[in-house]
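Colleague: Give me the fold of what follows.
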Amino acid sequence: MLGRRAFIAALVLLVGVVGAKAGSEGRAARALSTEGLARVSDYIRNEVATGRIPGAILLLQQHGKPVYYENFGVRDATSELSMSADTIFRLYSMSKPITSVVAMMLVEEGRLSLDDPVSKYIPAFADMKVGVERKAGDGKVSLTLEPQQRPVTIKDLLRHTAGLPYGFYGGGLVRELHAAADLFNSDLSNAELVAKITTLPLAEQPGTVWDYGFATDVLGRVVEVISGRTLLQFEKERLLDPLGMTETAFYVADPARFARIAEPMPEDRKISPTTDVRDIRKPATSESGGAGMIGTVGDYARFAQMLLNGGTFEGRRYLKAETVALMASDHIGPETAIARDQTIIRAQAPASASASPCAPLCRQAPRGRLANIAGTASAARSSSSIPKTICSGSSWCRRPRSAAGFNSS
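Modeller: Residues are numbered from 1 along each chain as shown. Next up, the predicted model:
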């Protein structure tokens with residue numbers, strides 16, 4: 001079934017027991033469970049052997065150093081090329097933490113504020129309405145448009161409370177409009193994408209519901225407006241190149257690297273009923289801050305370690321420790337009275353996923369962090385209605401336990 005393949009197919013899993021330098025000095029290394037590792041490895045090996053996924057990579061690090069690494073299966077079932085450390089994956093929602101980190105760099109510099117209305121940078125946001133369904137006496141449902149009770153803010157974009165759904169899950173008239181806009185199938189610049197988004201109604205009043213969707217794509221456009229560069233140009237200058245993330249981009253530009261691309265099972269190439277897995281061999285205008293990046297295990301491990309180090313890596317500081325702590329805090333807890341989109345929550349735990357030895361890692365990933373560090377992408381990963389053979393991503397940091405986990409598939 002697609003739901004089972006969706007959970008772990010063509011998985012790259014980094015389960016880091018990585019010692020965070022900030023606040024973890026002198027902490028004894030935790031022993032890794034040989035039995036537990038064997039269960040995870042056996043599970044992934046069986047997924048490959050039974051044809052549910054083409055292949056996988058399992059990497060564990062402790063105090064910034066690999067302590068377990070294994071390749072499983074192939075990167076492409078058609079070519080049968082073996083999985084390897086240099087395999088290039090579509091990161092999809094693992095793009096979100098990267099976009100959010102560069103946005104927080106702008107916050108630290110005073111060029112952006114979490115409380116800024118998005119309309120300060122994208123004026124059309126001021127005129128967006130909220131779609132509300134009304135049922136008439138005859139049972140017919142219609143959509144009415146109401147004013148925003150308050151503006152959408154940068155913080156709303158970071159924590160997915162902006163009322164900007166993806167549209168391909170759940171139901172309702174607003175989501176139908178977002179799905180019909182076919183935003184995933186459009187090779188648009190961020191300016192063009194956001195212009196299209198602003199013609200649609202918001203699904204909820206700003207700041208009232210955690211609703212996973214295009215918010216980080218809009219954030220990427222805000223970064224462009226402030227920096228005067230494309231999103232990739234700014235990310236390469238401030239984050240990717242300094243970190244040594246040389247394989248991370250929005251498409252594979254060099255034909256010599258095409259054979260290294262991980263591909264889904266041939267029969268599982270849709271990320272929604274109307275959207276196929278993107279061909280990352282083709283040059284793209286789109287630089288989706290929410291779902292468009294590509295990269296390798298090694299690249300993302302460097303990014304992950306920087307976060308666990310409290311914003312530093314190999315002697316260079318990217319963010320202040322207090323900024324990383326703010327990013328890793330829950331901003332949609334009970335005290336905020338922010339609801340959660342139940343269509344996503346129900347999709348997060350298919351029965352087949354709960355049987356996996358990897359499931360506890362996924363269940364540990366809370367939502368609502370400002371920079372999507374802690375699992376705001378996990379719903380997209382495991383939705384039974386969205387095949388995710390190499391198209392999902394989530395990340396979680398557990399610094400109190402000196403641990404982090406990252407997966408893209």
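Colleague: Need the single longest helix in this structure, by residues.
Modeller: In the chain, taking DSSP state H as the definition, the longest helix is helix 34-49.
Colleague: which sections of the stretch 201-350 of the chain are below the confidence cut-off?
Modeller: For the stretch 201-350 of the chain, applying pLDDT under 70 flags the ranges 274, 342-350.
Colleague: how about the helices in the stretch 251-400 of the chain?
Modeller: Assigned by DSSP state H, counting those that start in this stretch, the helices in the stretch 251-400 of the chain fall at 297-308, 321-327, 342-347, 351-354, 359-363, 378-382.
Colleague: Name the SS class of residue 245, please.
Modeller: Assigned with DSSP: H, G, I helix; E, B strand; the rest coil, residue 245 falls in the coil class.
Colleague: Just to check, residue 327 is in contact with residue 105?
Modeller: No - between residue 327 and residue 105 there is no contact under C-beta atoms under 8 Å: 11.4 Å. C-beta coordinates here come from the backbone N, C-alpha and C atoms, glycine included.
Colleague: who touches both of the two?
Modeller: residue 319 (C-beta atoms under 8 Å, 6 or more residues apart in numbering).
Colleague: Do a quick rundown of the strands in the stretch 251-400 of the chain.
Modeller: 270-272, 275-276, 294-295, 312-313, 316-317, 339-340, 393-398 (DSSP state E, counting those that start in this stretch).
Colleague: Touching the third one from outside, list them.
Modeller: It stands for strand 294-295. If you take C-beta under 8 Å, 6+ apart as the criterion, strand 294-295 is touched by 88-91, 94, 245, 247-252, 280, 408.
Colleague: Narrow these to those that are buried.
Modeller: With neighbours counted by 16 or more other C-beta atoms under 10 Å, the contacts of strand 294-295 contain buried members at 88-91, 94, 245, 247-252, 280, 408.
Colleague: Name the nearest of these relative to residue 230.
Modeller: Set against residue 230, the nearest of these by C-beta to C-beta is residue 250 (9.5 Å).
Colleague: you'd agree the closest one is up against residue 285?
Modeller: No - contact criterion C-beta under 8 Å: residue 250 and residue 285 do not qualify, at 9.3 Å.
Colleague: And the chain, what are its domain boundaries?
Modeller: 2-91+247-336+346-408, 105-227 (automatic domain parsing).
Colleague: Can you lay out those domains as CSV showing distance to residue 241?
Modeller: Shown next, in CSV, are the domains of the chain (distance: least, C-beta to C-beta, whole Å):
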stretch, distance to residue 241
domain 2-91+247-336+346-408, 10
domain 105-227, 14
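Colleague: Which one of those lies nearest to residue 236?
Modeller: domain 2-91+247-336+346-408 (8.3 Å).
Colleague: any idea how far whichever strand or helix holds residue 98 is from the chain center?
Modeller: In this structure, residue 98 sits in helix 95-108 according to DSSP states H and E. Put simply, helix 95-108 sits 13 Å off its chain's centre (C-alpha atoms, centre = their mean, to the nearest Å).
Colleague: tell me what the following helix or strand past it is packed against?
Modeller: Counting by DSSP H and E, the next helix or strand C-terminal to helix 95-108 is strand 130-135. With contacts taken as 3 or more C-beta pairs under 8 Å, 6 or more residues apart in numbering; DSSP states H and E, strand 130-135 sits against strand 141-146, helix 173-180.
Colleague: from those, which stretch is densest packed?
Modeller: Across the helices and strands packed on strand 130-135, averaging neighbours per residue (mean count of other C-beta atoms under 10 Å) puts helix 173-180 on top, at a mean of 18.
Colleague: hey, C-alpha coordinates of it in CSV?
Modeller: Output in CSV follows, covering the C-alpha atoms of helix 173-180 (Å, rounded to 0.1, in the frame of the first residue of the first chain):
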residue,chain,number,x,y,z
LEU,A,173,-13.7,24.6,-0.2
VAL,A,174,-10.6,26.6,0.7
ARG,A,175,-8.3,23.6,0.3
GLU,A,176,-10.0,22.8,-3.0
LEU,A,177,-9.1,26.3,-4.3
HIS,A,178,-5.5,25.8,-3.2
ALA,A,179,-5.3,22.4,-4.8
ALA,A,180,-6.9,23.7,-8.0
